[in-house]
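Asks: quick one, what's the 3D model for this:
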Amino acid sequence: MPHVKQWTAPLTITDGRAGNVRQAVALASALKLGAHRPLVLEPRAPWKWAAPRWLPGMADGFGPGLAALVASPPELAIGCGRQAAGALRALRRRGSTVVQILDPRISPRHWDLVVVPEHDRLRGENVLTLLGSLNPVNDDWLALGRAAFAEFGTLPGPRTALLVGGPTAHAPWNEADMARVFQQVASQVRAEGGSVLATTSRRTPPALVGALRSAFAGLPQVIWGDGGDGVNPYAGLLGWAHRVVVSPDSVNLLSEACATRVPVCVALGEQAQGRMVVFQQALRARGRLQERWLEWGVEGDVVPLRETGRVAKQVLERLAG
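Replies: Predicted structure coming up:
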């Protein structure tokens, strides 16, 4: 029988941005190789500007944490984002096996494996693709969210989760349109009963947090406006929701909503552009998005979109080869 290499727990490398951390940790956890070790980079110019392109001194250009690791490199490192891609190159030169998440915008040959969403164009022998983004959402994660926020279960149903990001180049929606979405959701809740579980992000325009609270005043609710409302109840919101409404700007939010077992629709989806349109079309083709705004009739069981486990299995197979 051929020898199968036993990998040690991976290192995760990011720039500290929540979306990048979430994807790196999700993949590291799904590999089930033990508790990952996190490193948040401290990049300096000019390496910060050039990453992931190689510059002399790269090993010292991302802070003392990476410099120490280069001297004693980990067996396996997983990074997400452009800064991490540069740091991974430095580690690979010292013998680490490295997995890059998201398109590094240069040839994938500089990494052992590269994981990208299908709506990106990057392809290659060492490139793995998935629909959406890596995330931790599965039945166990949702159950833990329900347990951590058990009080949400006392709110009347149907419970509508509302996930609000912020305008981007690929979804340049405006505040007035999103405020009208809030009113539409509120009107539906008033008409049929139920409650609202809403959360914003760091990218949400500040004025919209006030509009959110105003729209749902007097309704059974949980509203979390980033930074001012205590512990983020995001896992509880998804865990207790009977349906989810998502703004059209975030692959991560859409992927996580679609990883639940409840219906999902996109607010202002018609304002998406480029890769966000392609992503929404793929979700609809999989039967994972409501075809029409706020029409909640669903026949049969909802099949959740859960790509992280599949990608983790492929990574392990490639590492074993």
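Asks: pull the residues that contact stretch 265-278.
Replies: 117, 119-120, 169-173, 177-178, 181, 243-249, 251, 254, 280, 289-290, 292-296 (CB atoms under 8 Å, 6 or more residues apart in numbering). C-beta here means a position set from N, CA and C on the backbone, and glycine is covered the same way.
Asks: list the buried residues for it?
Replies: 265, 266, 267, 268, 269, 271, 272, 276, 277, 278 (16 or more other CB atoms under 10 Å).
Asks: any idea how far it is from the middle of the chain?
Replies: Offset of stretch 265-278 from its chain centre (CA atoms, centre = their mean, to the nearest Å): 17 Å.
Asks: go on, stretch 213-222?
Replies: For stretch 213-222, the distance to the chain centre is 27 Å (CA atoms, centre = their mean).
Asks: quick revisit: which ones among the contacts of stretch 265-278 are found in strands?
Replies: Those of those mapping onto strands are 117, 243, 244, 245, 246, per DSSP state E.
Asks: show me the beta-bridge partners of the last one.
Replies: When you say that, I think you mean residue 246. Residue 246 forms beta bridges with residue 163, residue 266, as assigned by DSSP bridges.
Asks: quick one: low-confidence ranges for this protein?
Replies: Across the chain, residues meeting the criterion (pLDDT under 70) sit at 1-4, 226-230, 297-300.
Asks: what segments of it are strands?
Replies: Under DSSP E, the chain gives strands at 11-14, 37-40, 76-80, 97-101, 113-117, 127-130, 159-163, 195-199, 221-224, 243-246, 264-266.
Asks: of these, which approaches residue 63 most closely?
Replies: Nearest to residue 63, of all those, is strand 37-40, at 8.3 Å by CB to CB.
Asks: what's the ChimeraX line that selects buried ones from the contacts of stretch 265-278?
Replies: A single ChimeraX command selects the buried members of the contacts of stretch 265-278 (16+ other CB under 10 Å):
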select :117,119,170,171,173,178,181,243,244,245,246,247,248,249,251,254,280,289,290
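Asks: which of the contacts of stretch 265-278 fall in helices?
Replies: 177, 178, 181, 251, 254, 280 (DSSP state H).
Asks: report the central residue of the chain.
Replies: Per CA atoms, centre = their mean, the C-alpha nearest to the average position across the chain is that of residue 252, at 3.1 Å.
Asks: quick check, that residue in contact with residue 20.
Replies: No. At 9.8 Å, residue 252 and residue 20 do not qualify as touching, with contact defined as CB atoms under 8 Å.
Asks: ok, which of the strands of the chain comes nearest residue 215?
Replies: When the strands of the chain are compared (using CB to CB), the closest one is strand 195-199, at 8.8 Å.
Asks: I'd like to know which elements that closest one is packed against.
Replies: strand 159-163, helix 175-192, strand 221-224, helix 234-240 (3 or more CB pairs under 8 Å, 6 or more residues apart in numbering; DSSP states H and E).
Asks: pick the most deeply packed of those.
Replies: Of these, the one with the most neighbours on average (mean count of other CB atoms under 10 Å) is strand 159-163, at a mean of 25.
Asks: so that strand versus helix 175-192, what angle?
Replies: 170 degrees (axes from the mean of the first three to the mean of the last three CA atoms, to 10 degrees).
Asks: outside of strand 159-163, which residues touch it?
Replies: Residues contacting strand 159-163 (CB under 8 Å, 6+ apart): 152, 182, 185, 188-189, 194-199, 212, 237-238, 240-247, 250, 253, 257.
Asks: kindly report the same for stretch 15-33.
Replies: Under CB under 8 Å, 6+ apart, the answer for stretch 15-33 is 7-10, 12-14, 36, 38, 40-41, 43, 76, 78-84, 99, 101-102, 115, 133-136, 202, 252, 308-309, 311-312, 315-316.
Asks: could you do stretch 134-153 as well?
Replies: In contact with stretch 134-153 (CB under 8 Å, 6+ apart) are residues 22-23, 25-27, 29-30, 101, 115, 159, 197, 222, 233-240, 252, 255-256, 259-261, 304, 306-309, 311.
Asks: start and end of that stretch, how far apart?
Replies: By CA to CA, to the nearest Å, the extent of stretch 134-153 from end to end equals 27 Å.
Asks: ok so, going back, give me the ChimeraX select line for the contacts of stretch 15-33, limited to the buried ones.
Replies: This is the ChimeraX syntax for the buried subset of the contacts of stretch 15-33, where burial follows 16+ other CB under 10 Å:
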select :9,10,12,13,14,36,40,41,43,76,78,79,80,81,82,83,84,99,101,102,115,133,134,135,136,252,308,311,312,315
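Asks: picking up where we left off before, can you tell which of the helices and strands packed on strand 195-199 is closest to residue 62?
Replies: That would be, of the helices and strands packed on strand 195-199 and by CB to CB, helix 234-240, which comes in at 29.3 Å.
Asks: which strands and helices lie in contact with that closest one?
Replies: Using 3+ CB pairs under 8 Å, 6+ apart, helix 234-240 sits against helix 139-148, strand 159-163, strand 195-199, strand 221-224.
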